[in-house]
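Chemist: A predicted structure for the sequence below; I have some questions about it.
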Amino acid sequence: MENNRPSWTSRCSFILAAVGSAVGLGNIWRFPYIMGQNGGAVFLLIYLCLILTLCFIPLVAELAFGKFTKKECIGAYESVNPKFKFLGMLNPLTGILISSFYFVVGGWIINYILINFSFSQITDFSGYFSDFIQNSYAVCVYTLLFLFLCIFFTARGIKKGIEFANNILMPLFAVIMVCLISFSLTLPNAYLGLEYMFKPDFSKINGQMFLAALGQALFTLSIGMGALLTYGSYIKDDKGITKSAYTIILSDTFFALMAGIMIFPAIFSFGLEPNSGAGLVFVTLPYIFAQIPNGNIVSAAFFILLLAAAITSGISILEVDVAAFSERLKISRKKACTMLFGIISLIAIPASLSFGVLKDFTLLNKTIFDFLDFITSSFLMPLNAFVLCIIAGWFLHIKGILFTRSKFLGWLFDIGLKFVVPAIMLCLLYVGLK
Ligand code: PFF
């Protein structure tokens, strides 16, 4: 079975797919609004410190876990000790729950691409957004359409589906982003947005910012859900992972910064507030697009960019479950994809209705959409990252010296993997659940 497992065509394809997994809604939708809610430049500074140092450890451990065991998540944990099988199962479970709300936002994006044909008729974007997310029929159809798009590529397999999608969508993403940044930087008073991003006001620092930055870092790097473990399991033996890990981190950080440089100058140029939360790209930005000549073209470009990023991440979320279902149940990828389409639809459809007919249906005082976001970002991802570090460090004996020639850095990695990162994940869990 292991010998029949697919592998990446080249190191470049692997890196592109892993960057495609990391760079997604987390960078363009979530990062700017979390930064906007957490004081701008100081948050960015904390985020950069965490992502460039601490996050390297679980990222390398997750890739190495997959690469060394050459199995999907459940098999990978089981191969360390059969008793750990249930720990591996948490990954596909997290994947199903994340996709169920991530794909709802993917559906919103499809709608926002299509509205550009009748863009001039919309004047009140805030009202439009709230009417749209309450329209049961529209949100269900678009959620299923987005799910179908991601399933389509995933079902075609590693080379013809995942590599193909990333090879086309990631360059498209980069080109559209460069165009939009050039546009944004030429707006009047664009420098105010840059000042907001890069001139820290240290009086604003608080503990909450560290947690928000760490939660964002895990989500954006796709750590703690098995996506990197699964992608790592397709690496051929001769492929090093230290350089790949740094490329993933640096590219992800680069794209998050670029997303900020694309969005904040535009927001400040039009005198709007950067802290409008999750509606930032769906309400604030369309309002800006509507005020510029040919705004519907800029808007279409922006939402196509967002769709490309969301699809490549969506594919990686699905791959965790497709690999687990097909290898455990010994069924074809296509069958696994069909099963997943059914399972995810069952959760994603109620999630998509959370703002309309099901808005009064709550779990832990949260709508289904917010509950799925909360349970995955604040509980399952830190829990999975904690479990990953403990099993990789204490049982699989992944050692830092495998990834660096420096004994000191290797020792730091070991301490980080066995003690520091697990302790931080426990703090994140405690605060998240409090
Ligand atoms: N990293 C993705 C983003 O920033 O949008 C989201 C994500 C993908 C989370 C894959 C988890 C995952 F396994």
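Modeler: Great, that's in hand. Just so you know, these numbers come straight off a predicted model, no measurement behind them. Residues are numbered from 1 along each chain as shown.
Chemist: what comes into contact with the helix or strand bottoming out on mean pLDDT in the chain?
Modeler: None of the helices or strands of the chain scores lower by mean pLDDT, DSSP states H and E than helix 285-289, at a mean of 85. Helix 285-289 has contacts (CB atoms under 8 Å, 6 or more residues apart in numbering) with 112, 119, 122, 125-126, 128, 263, 266-267, 269-270, 272, 295-296, 298-299, 302. C-betas here are computed from N, CA, C, even on glycine.
Chemist: how about 7 Å then?
Modeler: Contacts to helix 285-289, defined as CB atoms under 7 Å, 6 or more residues apart in numbering, come from residues F125, I263, A266, F270, G295, V298, S299, F302.
Chemist: Check the offset of that helix from the chain's centre.
Modeler: Here helix 285-289 shows a centroid-to-chain-centroid distance of 24 Å under the convention CA atoms, centre = their mean, to the nearest Å.
Chemist: And that helix, what's buried?
Modeler: For helix 285-289, a neighbour-count test (16 or more other CB atoms under 10 Å) marks L285, P286, Y287, I288, F289 as buried.
Chemist: what's the answer for stretch 344-354, then?
Modeler: For stretch 344-354, using 16+ other CB under 10 Å, the buried residues are I344, S345, I347, A348, I349, P350, A351, S352, L353, S354.
Chemist: For the last one, report the pLDDT, please.
Modeler: The one in question is S354. Looking at S354, its pLDDT is 96.
Chemist: Return the residues in contact with it.
Modeler: T367, I368, F369.
Chemist: Please flag which of the residues you listed sit within strands.
Modeler: T367 (DSSP state E).
Chemist: nearest to the ligand, of the contacts of S354?
Modeler: F369 (15.7 Å; CB to the nearest ligand atom).
Chemist: Could you report the neighbour count for the closest one?
Modeler: Residues near F369, counting by other CB atoms under 10 Å, number 23.
Chemist: Could you double-check that it lies in contact with V105?
Modeler: No: if you go by CB atoms under 7 Å, F369 and V105 don't touch, sitting 9.1 Å apart.
Chemist: residues touching the residue nearest to L428 when sequence neighbours are not counted, list them.
Modeler: Distances taken as CB to CB, 6 or more residues apart in numbering place P382 nearest to L428, at 4.3 Å, with adjacent residues excluded. Contacts here follow CB under 7 Å, 6+ apart; on that basis P382 touches L218, G224, M425, L428, L429, G432.
Chemist: The second one should be in a strand, yeah?
Modeler: This points to G224. No: according to DSSP: H, G, I helix; E, B strand; the rest coil, G224 belongs to no strand; its state is coil.
Chemist: Compute the distance between I311 and I223, please.
Modeler: Between I311 and I223 the computed distance is 20 Å (CB to CB, to the nearest Å).
Chemist: Could you do S79 as well?
Modeler: From S79 to I223 the distance is 21 Å (CB to CB).
Chemist: neighbour-wise, which of the two wins?
Modeler: I223 (25 against 17).
Chemist: Just give the closest residue to that one, not the sequence neighbours.
Modeler: Closest to I223 by CB to CB, 6+ apart is P58, at 5.1 Å.
Chemist: same deal with F119?
Modeler: Nearest to F119 is N296, by CB to CB, 6+ apart, at 3.8 Å.
Chemist: Show the pLDDT at the one you found.
Modeler: For N296, pLDDT reads 89.
Chemist: Which positions in the helix or strand where it lies come out as buried?
Modeler: Under the criterion of DSSP states H and E, N296 resides in helix 295-329. For helix 295-329, a neighbour-count test (16+ other CB under 10 Å) marks 295-296, 298-328 as buried.
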